[in-house]
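Colleague: pasting the sequence and the predicted coordinates here, then a few questions.
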Amino acid sequence: MQRIYNFSAGPAVLPRDVLVQAADELVNWQGCGMSVMEMSHRGKEYMGIQAQTEADLRELMAIPAHYKVLFLQGGASSQFAMVPMNLLRGRASADYLNTGEWSKKAIKEAKRFGNVNVVASSEDRNFSYAPGQDAWRLDPKAAYVHYTPNETIGGVEIFWTPETGNVPLVADMSSNILSRPIDVSRYGLIYAGAQKNIGPAGVTVVIVREDLIGQCMPAAPVMFDYKTHADNDSMYNTPPTYGIYIAGLVFRWLKAKGGLSAMERQNITKAGLLYDCLDSTGFYGSPVARENRSRMNVPFTLHDATLDEAFLKGAKERGLVQLKGHRSVGGMRASIYNAMPVEGVQALVDYMKEFEKTKG
């Protein structure tokens, strides 16, 4: 069966080369006689896989030596709780930027553990933009500053790194990690669910500066203390071994493709193709401010919403799937993460032009 172009927001498309290698190694990993899924997480075979996975991620992102890389479970949603549990460190409040649905979820969870100062919000315009830092009301006594640089549902991306002085900066990079180079040293903590740009659902990557580890709330469960995982090389309990293995293959694929600078160039090309199509006609529309248009998640609308079902039906017939927008906003959404090839975006653009000719 021919592969389709999967525009799902997550779990998302994986590189074909990674899937082929994983299939080849599924039953017998590199001649050891067993699958990675069957390995003891404390055996030399698996420990070697995880060590190489971490090393490759450190190389790709140029992660400084004084940062820990943790492979956890529970998704970004667990991090909404783990971040305040570990980073409030006796302080009264934390700063949060509100730019969409995932920011709102993080804010709601953080309020269970302390006070939250919302430094700025774009809810006034239905989360269609990100407030510039000149509009932020930062508290110099805050425990940390949290933001979501890419909102998957609304398609709003922040391409600059906030300045927070001595207050640690925390970022939920679930949907744009590895899509472009960043300076990790400007962050106190970065977290990301794997199921968009890293690998299959089930792995959560946390990159945390060492001085922020070890001051967790006393009543927090041991599994919610970053120190537990940092002290045990992410093996306090059984880690999501197969997901980490696939992540490792993705990291190797990224390196072979030229690293994050090469990915950024390709992502700019892909997003440009789609946004140029949207801007060339009144038949389609983009709800996001131009300076905040995401390279990863592109929401768009048809000028006549009664055509939505016909659009989706025709797209599926052409092997273009998972284009329906999130239920909270409607319309369409094309998620074009690293593994989506340029050819997939071009196929979508060609279909959009064809659909407009027949229905416009």
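Modeller: That came through, no problem. Residues are numbered from 1 along each chain as shown.
Colleague: and residue 111, how far is that from residue 117?
Modeller: When distances are taken as C-beta to C-beta, to the nearest Å, residue 111 and residue 117 turn out to be 11 Å apart. The way it works is simple: take the backbone N, C-alpha and C, and place the C-beta from them, glycine included.
Colleague: the two - which one has more neighbours?
Modeller: When residue 111 and residue 117 are compared for neighbours, residue 117 comes out ahead with 16 against 13, by other C-beta atoms under 10 Å.
Colleague: what pairs with the more buried one across the strands?
Modeller: Residue 117 has the following beta-bridge partners by DSSP bridges: residue 95.
Colleague: that one against residue 142, yeah?
Modeller: Yes. Counting by C-beta atoms under 8 Å, residue 117 sits close enough to residue 142 to count as a contact (6.5 Å).
Colleague: now the common contact residues for these two.
Modeller: Overlap of the contact sets of residue 117 and residue 142 (by C-beta atoms under 8 Å, 6 or more residues apart in numbering) consists of 93, 94, 95.
Colleague: got the contact list for the last one?
Modeller: The neighbours of residue 95, taking C-beta under 8 Å, 6+ apart as the test, are 116, 117, 118, 119, 138, 139, 142, 144, 145, 146, 164, 167.
Colleague: swap in the first one?
Modeller: Under the criterion of C-beta under 8 Å, 6+ apart, the contact list for residue 93 reads 114, 115, 116, 117, 139, 141, 142, 143.
Colleague: and which of these is nearest to residue 75?
Modeller: Within the set of those, residue 116 lies nearest residue 75; the separation is 20.6 Å, counting by C-beta to C-beta.
Colleague: isn't that closest one right up against residue 96?
Modeller: Yes. The pair residue 116 and residue 96 passes the contact test of C-beta under 8 Å, sitting 5.4 Å apart.
Colleague: of those two, which one has the most company?
Modeller: With neighbours defined as other C-beta under 10 Å, residue 116 and residue 96 compare such that residue 96 has more, 26 against 21.
Colleague: which residues touch the more buried one?
Modeller: 103, 106, 107, 110, 116, 117, 118, 119, 145, 146, 147.
Colleague: again, but for residue 339
Modeller: Shown here is residue 339, whose contacts under the criterion C-beta under 8 Å, 6+ apart are 12, 13, 14, 15, 18, 197, 250.
Colleague: again, but for residue 6
Modeller: Residue 6 makes contact with 12, 13, 321, 322, 340, according to C-beta under 8 Å, 6+ apart.
Colleague: helix/strand/coil for residue 205?
Modeller: strand (DSSP: H, G, I helix; E, B strand; the rest coil).
Colleague: that one and residue 337: what is the separation?
Modeller: Distance from residue 205 to residue 337, by C-beta to C-beta: 15 Å.
Colleague: can you check residue 213 too?
Modeller: Going from residue 213 to residue 337 by C-beta to C-beta gives 30 Å.
Colleague: pull out the buried positions in the helix ranked longest in the chain.
Modeller: Taking residue count as the measure and DSSP state H as the definition, the longest helix of the chain comes out as helix 259-279. When burial is assessed from 16 or more other C-beta atoms under 10 Å, helix 259-279 yields the following buried residues: 259, 260, 263, 264, 266, 267, 270, 271, 274, 275, 277, 278.
Colleague: is it true that residue 158 touches residue 151?
Modeller: No. Using C-beta under 8 Å, residue 158 makes no contact with residue 151, being 9.1 Å away.
Colleague: anything in contact with each of those two?
Modeller: Common neighbours of residue 158 and residue 151, using C-beta under 8 Å, 6+ apart, are residue 99.
Colleague: who's more crowded, those two?
Modeller: Taking neighbours as other C-beta under 10 Å, residue 158 and residue 151 compare with residue 151 leading, 28 against 23.
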